[in-house]
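Asks: dropping the sequence and predicted coords here.
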Amino acid sequence: MPRAFRNLMVTGGAGFIGVNFIRWLCDRPDFTGHVINVDLLTYAGNPLSLLGVAERFGPRYHFIKADICDALRIAEIIATYEIDAIVHFAAESHVDRSIAAPDAFVRTNILGTYTLLQAAREHADQIQLFHHISTDEVFGSLGKRGAFTEKTPYAPNSPYSASKAASDHLVRAFHETYGLPTTLSNCSNNYGPFQFPEKLIPLMILNAREGKPLPVYGDGLNVRDWLFVADHCSAIWRVMQEAKPGSTYNVGGRNELPNLRVVEKICDLVDQKAPPLADGKPRRSLITFVKDRPGHDRRYAINCAKIERDLGWRPAETWETGFERTVDWYLKNAEWCDQVRSGEYQKWIATHYG
Ligand code: NAD
Ligand code: DAU
């Protein structure tokens, strides 16, 4: 029998994947519980992305502005809302920011995860599952061949991936030592609606739309595996409903592409769908090679045979269909993009949430 959740705490539910997960859950007939969205609303957490969600869920949806590092507040929320499951998205997520300023990554990703685990442990009688969202970056960098499996040793290279690796180890330890019912998924690069335009795909779409330079790091031949965000949501839900406590699953799209290929494809799609550039040149002319990211992992690839075999999960989108849907979304939602980038949403947060 799949697990059923009455009161699901979603941390980081105002960020890219959290928003998509909550929106995706709205349409699931097999979810009839409450969603308690706990998010600090950092620069990456955007309440504009949640417009309409409260209406769709009705009284089954609650938003709480809170810091996952605040132990008292988290314990109070778990007790008050009788939380029986936690899906933990909240994190500092951008590798370049972690290189420039690692502090927030150590605090939120390590201390924040620890705080949630402790709170869950203190409410062991009511918590049936703690699902931790992690990344393929904990495994480090691959050469030309091979793919990460669930057994690949951890070898993180950036402050971001090191902080995520530390959080994964804490999750494992809380299961092994205290018997906390945890599950964990390590996913490849997500893309889709509501992603903050600092990440490669939305940044390139918006710059291409506006005729700005498209900065490609190094030689542009670093490889990432791309997964449409709704496919990540369906994988998470499968794991949450069916996976054995203590288990981990890799999630990927089998869509390995060098960055340059991704950027070229986006240029071509924007050329097809947006008005031409003033100088009449194709968008590929905007590609600009810039200094490489320090410690830039060369290649990621995911072997997701375990989730396919154990849980029957398959992604619905190919990269061609997913990229096209994503370009369409960003071109249609210019207002969201402009507000997110302008800092207007920070004012909105101050007005609505204090
Ligand atoms: P994001 O940066 O878009 O959103 C993070 C959210 O966490 C924001 O809403 C932010 O306000 C919130 N947050 C940050 N610090 C907080 C704190 N102290 N307390 C409460 N909330 C806080 O991130 P994302 O891309 O949606 O990633 C979500 C999770 O998925 C992260 O754990 C990330 O490591 C993981 N992940 C991301 C990807 C990807 O491609 N984006 C791939 C694999 C795994
Ligand atoms: O692999 C999963 C990870 O994917 C997640 O855990 C992270 O939270 C998420 O941010 C993402 O990390 P990446 O570093 O892979 O994503 P990003 O979009 O920053 O970069 C993708 C690739 O594109 C990477 O090789 C760096 C390159 N890049 C990125 C930017 C922003 C560029 O060449 N130019 C750019 O301007």
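Replies: Sure, I can see it. Since the model is a prediction, treat every value here as computed from it, not as a measurement. Ligands and ions are numbered 1, 2, ... in the order given.

Asks: so what does the helix or strand containing Asn250 touch, helix or strand wise?
Replies: Using DSSP states H and E, Asn250 falls within strand 248-251. Secondary-structure packing of strand 248-251 (3 or more C-beta pairs under 8 Å, 6 or more residues apart in numbering; DSSP states H and E): strand 182-187, helix 229-242, helix 305-311. C-beta: built from backbone N, CA, C; applies to glycine.

Asks: any idea which of those is most buried?
Replies: A comparison of the helices and strands packed on strand 248-251 by mean neighbour count, using mean count of other C-beta atoms under 10 Å, puts strand 182-187 on top with a mean of 24.

Asks: that one to helix 229-242, inter-axis angle?
Replies: Between strand 182-187 and helix 229-242, the angle comes out at 160 degrees (axes from the mean of the first three to the mean of the last three C-alpha atoms, to 10 degrees).

Asks: what strands flank strand 182-187, and is each parallel or antiparallel?
Replies: Using DSSP bridges, the strands paired with strand 182-187 are strand 129-135 (parallel), strand 248-251 (parallel).

Asks: which other residues reach the helix or strand following that strand?
Replies: Proceeding C-terminally, strand 182-187 gives way to strand 189-191 as the next helix or strand, assigned by DSSP H and E. Residues from elsewhere that reach strand 189-191 (C-beta atoms under 8 Å, 6 or more residues apart in numbering): 16-17, 199-202, 224-229, 232, 300, 322-323, 326.

Asks: do strand 189-191 and ligand 1 come into contact?
Replies: Yes - contact between strand 189-191 and ligand 1, assessed by C-beta under 6 Å from any ligand atom, occurs at 189-190.

Asks: beyond that strand, next helix or strand please.
Replies: Next helix or strand after strand 189-191 toward the C-terminus (DSSP H and E): helix 200-210.

Asks: could you point out the helix or strand that follows that next one?
Replies: Counting by DSSP H and E, the element that comes right after helix 200-210 along the chain is strand 214-217.

Asks: for ligand 2, tell me whether that following strand is touching it.
Replies: Yes - interface with ligand 2: strand 214-217 contributes 215-217 (C-beta under 6 Å from any ligand atom).

Asks: list just the nearest of the residues you listed to ligand 1.
Replies: Ligand 1 lies nearest to Tyr217 out of the residues of strand 214-217 next to ligand 2, by C-beta to the nearest ligand atom, at 16.3 Å.

Asks: OK, contacts around the closest one?
Replies: By C-beta under 8 Å, 6+ apart, the contact set of Tyr217 is 259, 290-293, 296.

Asks: could you redo the strands paired with strand 182-187 as CSV and give each row mean neighbour count, distance to ligand 1 and mean pLDDT?
Replies: CSV is the format used below for the strands paired with strand 182-187 (neighbours: other C-beta atoms under 10 Å; distance: least, C-beta to the nearest ligand atom, whole Å; pLDDT from 0 to 100):
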stretch, mean neighbour count, distance to ligand 1, mean pLDDT
strand 129-135, 24, 4, 98
strand 248-251, 24, 8, 98
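
Asks: out of those strands, which comes closest to Tyr114?
Replies: strand 129-135 (11.6 Å; C-beta to C-beta).

Asks: other SSEs contacting the helix or strand that Thr115 is a member of?
Replies: Thr115 is part of helix 113-122 when elements are defined by DSSP H and E. Helix 113-122 sits against helix 71-80, strand 85-88, strand 129-135, helix 159-178, with contacts defined as 3+ C-beta pairs under 8 Å, 6+ apart.

Asks: one more pass at 10 Å, please.
Replies: In terms of contacts (3 or more C-beta pairs under 10 Å, 6 or more residues apart in numbering; DSSP states H and E), helix 113-122 is packed against strand 7-11, helix 71-80, strand 85-88, strand 129-135, helix 159-178.

Asks: please compute how far that helix lies from its chain's middle.
Replies: 21 Å (C-alpha atoms, centre = their mean, to the nearest Å).

Asks: give the rounded mean pLDDT of it.
Replies: The average pLDDT for helix 113-122 rounds to 98.

Asks: good, wrapping up.
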